[in-house]
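Participant: With the sequence up front, the predicted model follows.
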Amino acid sequence: MLILHQLYDGFATALSFNNFAWMIGGSILGTLIGILPGLGNPAAALAILLPLTLRLEPTTGMIMMAGIYHGAKFAGATTAILLNIPTETSSIVLCYDGHALAKKGRGGPAMGMSAISGFIASTVGVFALTFAAPWAADLAVNFGPPEFAMLMLFGLLLVVSLTGKNPVKGLISMMLGLLLATVGIDIFTGSERYTFGSIDLSDGIEFLVLTLGLFAVGEVLVNVERKAGKSSFVAPKRFLDYLPTWEDLRQTRLAIAIGSVLGFVIGAIPGGGSTLASFVSYAVVKNTSKHPEAFGSGTMEGVAGPEAANNSEAGGAMIPLLSLGIPGNASTSVMLAALMLYGVQPGPLLFSTHPEIAWPVIASLYLGTLALLVLNLPLIPMWVQILRIPYWLLYPVILILGVVGAYSVRGSIFDVWMLMAFSALGYTLRKLSVPAAPMLMAFVLGPQAESAVRQSLMLSDNSPMIFLERPIALGIVVLIVVMVATSIISRRRQRHAVAAAPAAN
Amino acid sequence: MSVTSKMHGSVWSAIAAVLIVGGFPFGAVAADPSNVQFVVDTGPGGGSDLFAREIVKIAQQNKIISDNWPVISQSQGGGLGAMAFMKLKAGRDNYVAAFTSKWVVSSLNVPGAKATLQDLTPIIQLIDEPQVIAVPASSPYKTFAEFVADAQKNPGKFVQVGGAVTSVDYLAALVIEQNTKSSWKYLSFPDGGPRITALLRGDAQVMIGAVTDFSEQVAANKLKIIGVLGDKRVPVFPDAPTLKEQGVPDQGIPTQLQFRGIAGPPNMSPEAVAYFQKVFTDVTRTDDWKQYMEREGDTTEVALTDEVKSRIADFTAKLGPAIKLLKTASE
């Protein structure tokens, strides 16, 4: 019960006027910065505000960072849903159903759902963090390259399952993504792949540049061609129409539950990250839903599931940081940097040597989502008005933000040229009805899969049996087999049902 | 009326004269560089990023500098991007970069590199980061010599975990393997976290890294240190013997394997170099710096331009062969 007592102390500290004020301030700053592509991912927002947070006391500074983190995440959901622009890897999935909902006039409820499901998942995350930390820390240590490889394989298979009506086009998109992901210097052998001697390509293609080109600028090009003059936005009549309904919440119960658990577990794995969490959550929610065919055209579950995973992942990512001193993702890396600059060395002993830092941070992660819920739910109607901006004003703004965002990632004008190239690619793909999202997912998962497989084979002297010998990896393989089997069986059933129907007539 | 306006006129001219004369920076001749940008080769949270931020923080707290020096990340190519960036700023006085020995390795590894450390103006070396050898606490090896003996009997069986194949810990390992006619595998992870978990999990038996990579895990009795590269023991781990003391042949490994220093763009003015040398030397004299060194387990090694150039040349000469080994090993 000492843990509960410490958690209580943590909340008490986080709720002090000073800390609470800085947390709200951080959330607002994080939201504002997070809206901008290029700066929008939480790690970048945290890095930019690092000099400011460092001037504060360690506890207050970390609490402010937790606020910034959540603010940036919420902003990422906003741009994905309203503008179809993912500012960070974990909001790509939201572009699917979230933006479809916005086009149907339900953008407000989608944003509200993302905030609410995020809040619920955060609660789950904090409790799991408090009580399941030792178990999760064990998992984090035991998750090695073979386990990672199988998890990535699972993720890539899920990409295939999401390709929709035309699997061939989806696969083309995925293969393109894998190809683009190989560009760069290979860390295992030091050899250059597709860099054409250019130093700008030696670190590979920046994810954000690819995303902005394919989604933001590419979409602008397509829409300009259609000469869409008026906004197709349908304005809801009452304030409550801007928020999700009770029916929505009821339908998404399972999705939120699945997302929360998956997000936490994947977040606890160093290198797991919110991209994988949100993506796996979306795929699992789709495959377990009663109406899988509705996904992609605007379902609330398609927003609730990934956002829940996104938020409970924050709690999960804290576990390797606070218990092992190992950052789980880019944002916790920056928090680790902040801790070290404060002179606090995070490690296995952090909870015992500096509980006054560890517990308020955990409490503030939770309070951060609460603050966002309270601050942003009433502002959703305002955010949704963005959709009303006529295209002739909105698109130039998106173009400017896109170019500035692409440049700001590395301060490189080369990235802006890449943005142009990818915009052309995005436009072409749209015209050919090739979905862009599998390319992005493969781009993110591919390199991790390749690294993990190579590391595993190196450990096992090139024997593939390593993937079956280790218990966790074997568990994931079983999961993959089950998933493939169920999808084949359900396809067969559907085909039989379709074939039987005319016969019955 | 005309008298007062004449007076007004002379008062104004007097004021103007004072302002002009007083405004001219006659005191600071070539004015101290302003709007200084600190370039690093990692993203936020990386080693060089933290190093730069710590220096700026100490300098501000001790009033050595009065403005903020923003940290700019140029993380392409493990130093190559930062070097190319600095080369573009030739002649400018307000850019400084935090270099490490990785920059030398990266330029040697990529033959057509547009910019190398030799192109830049070395200002000062600040730190030597001792590299230590860690194993899991439950490992049977008490010294690195025991590990090497086991590796000689079982070539290619054991695993060392570390960063990219161009990192100094791999190159040092290659040199030791050559000297002792043993061999073991190298497992690469781009981030530090998975390296530690690989060691804890038992996927890897040994890891070479900086003191801060391991200090917390050692304090929690999860890892132990069985050797130190170089010729001096490390105060944080007083019981860990050096490779020389253990009798492991380490010739070919530079005595300062992982160093950190500051470089300026090509053709930096001598006044600017002197200014930065003073700033950074003042930083190393503060108490905050001493505490930072203790925390990191590093030693302060201040060396100025010419000395730095000769150390870099020494490093290049010693590790050049190892990098060639690396190329043949990967083919």
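Facilitator: Nice, thanks for sending it over.
Participant: low pLDDT regions in the stretch 1-150 of chain B?
Facilitator: B:1-31, B:111-112 (pLDDT under 70).
Participant: Can you list the residue ranges for helices in it?
Facilitator: B:2-23, B:47-61, B:80-88, B:101-109, B:144-153 (DSSP state H, counting those that start in this stretch).
Participant: Run the chain-centre distance for the longest helix anywhere in chain A.
Facilitator: Longest helix of chain A, by residue count under DSSP state H: helix A:107-142. Centroid displacement of helix A:107-142 relative to its chain, using C-alpha atoms, centre = their mean, to the nearest Å, is 13 Å.
Participant: Please identify the buried residues of the next helix-or-strand element following it?
Facilitator: Next along the chain after helix A:107-142, taking DSSP states H and E as the criterion, comes helix A:145-161. For helix A:145-161, the buried set under the neighbour-count rule, 16 or more other C-beta atoms under 10 Å in any protein chain shown, comprises A:145-156, A:158-161. Heads up, the C-betas are built off the backbone N, CA and C, glycines and all.
Participant: Stretch B:82-92 now?
Facilitator: B:Ala82, B:Met83, B:Ala84, B:Phe85, B:Met86, B:Lys89, B:Ala90, B:Arg92.
Participant: same check, this time on stretch A:286-306
Facilitator: Applying 16+ other C-beta under 10 Å to stretch A:286-306 flags A:286-287, A:289, A:292, A:294-296, A:298-306 as buried.
Participant: How about the contacts made by A:His99?
Facilitator: A:His99 is in contact with A:Ala80, A:Ile81, A:Leu82, A:Leu83, A:Asn84, counting by C-beta atoms under 8 Å, 6 or more residues apart in numbering or on different chains.
Participant: Okay, and the closest residue to chain A within the stretch 151-300 of chain B sits in which element?
Facilitator: Nearest residue of the stretch 151-300 of chain B to chain A (C-beta to the nearest C-beta) works out as B:Glu216 at 2.5 Å. Assessed by DSSP H and E, B:Glu216 sits inside helix B:211-219.
Participant: quick one: low-confidence ranges for chain A?
Facilitator: A:1-2, A:37-40, A:163-164, A:227-239, A:272, A:501-505.
Participant: how about the strands in it?
Facilitator: A:184-185, A:192-193 (DSSP state E).
Participant: Residue nearest the middle of the chain, spatially speaking?
Facilitator: I went with chain A, as the question did not name one. With distances taken as C-alpha atoms, centre = their mean, the residue of chain A nearest its centroid is A:Ser90 (1.4 Å).
Participant: my bad, chain B
Facilitator: B:Arg260 (2.7 Å).
Participant: Which of the helices or strands spans that one?
Facilitator: With DSSP H and E as criterion, B:Arg260 is part of strand B:259-264.
Participant: Could you check how many residues crowd around the closest residue to chain B within the stretch 1-150 of chain A?
Facilitator: The minimum distance from the stretch 1-150 of chain A to chain B, using C-beta to the nearest C-beta, falls at A:Ala47 (3.6 Å). By other C-beta atoms under 10 Å in any protein chain shown, the residues close to A:Ala47 number 23.
Participant: what does the one 3 residues further on give?
Facilitator: Residue crowding around A:Leu50 was assessed by other C-beta under 10 Å; the count is 22.
Participant: And A:Thr486, by the same measure?
Facilitator: 12.
Participant: check contacts around it.
Facilitator: Counting by C-beta under 8 Å, 6+ apart, A:Thr486 has contacts A:Asn287.
Participant: Over to A:Leu49?
Facilitator: Each residue near A:Leu49 by C-beta under 8 Å, 6+ apart is listed here: A:Gly26, A:Leu29, A:Gly30, A:Ile33, A:Met64, A:Met65, A:Ile68.
Participant: Tell me which residues touch A:Pro327, please.
Facilitator: By C-beta under 8 Å, 6+ apart, the neighbours of A:Pro327 are A:Pro270, A:Ala317, A:Pro320, A:Leu321, A:Ser333, A:Met335, A:Leu336, B:Gly45, B:Asp191, B:Gly193.
Participant: Okay, the closest residue to it other than its chain neighbours and A:Arg193: tell me how far apart.
Facilitator: Once flanking residues are discounted, A:Pro327 sits nearest to A:Ser333: 4.1 Å by C-beta to C-beta, 6 or more residues apart in numbering or on different chains. To A:Arg193, A:Ser333 is 25 Å away according to C-beta to C-beta, to the nearest Å.
Participant: Looking at those two, which is more packed in?
Facilitator: Taking neighbours as other C-beta under 10 Å, A:Ser333 and A:Arg193 compare with A:Ser333 leading, 25 against 14.
Participant: hang on, that one packs against B:Gly47?
Facilitator: No - contact criterion C-beta atoms under 8 Å: A:Ser333 and B:Gly47 do not qualify, at 11.6 Å.
Participant: Next up, the contacts around the residue of the stretch 201-350 of chain A found nearest chain B.
Facilitator: Relative to chain B, the nearest point of the stretch 201-350 of chain A is A:Gly347 (2.5 Å; C-beta to the nearest C-beta). Going by C-beta under 8 Å, 6+ apart, A:Gly347 touches A:Leu324, A:Gly325, B:Ser215, B:Glu216, B:Gln217, B:Ala219, B:Ala220.
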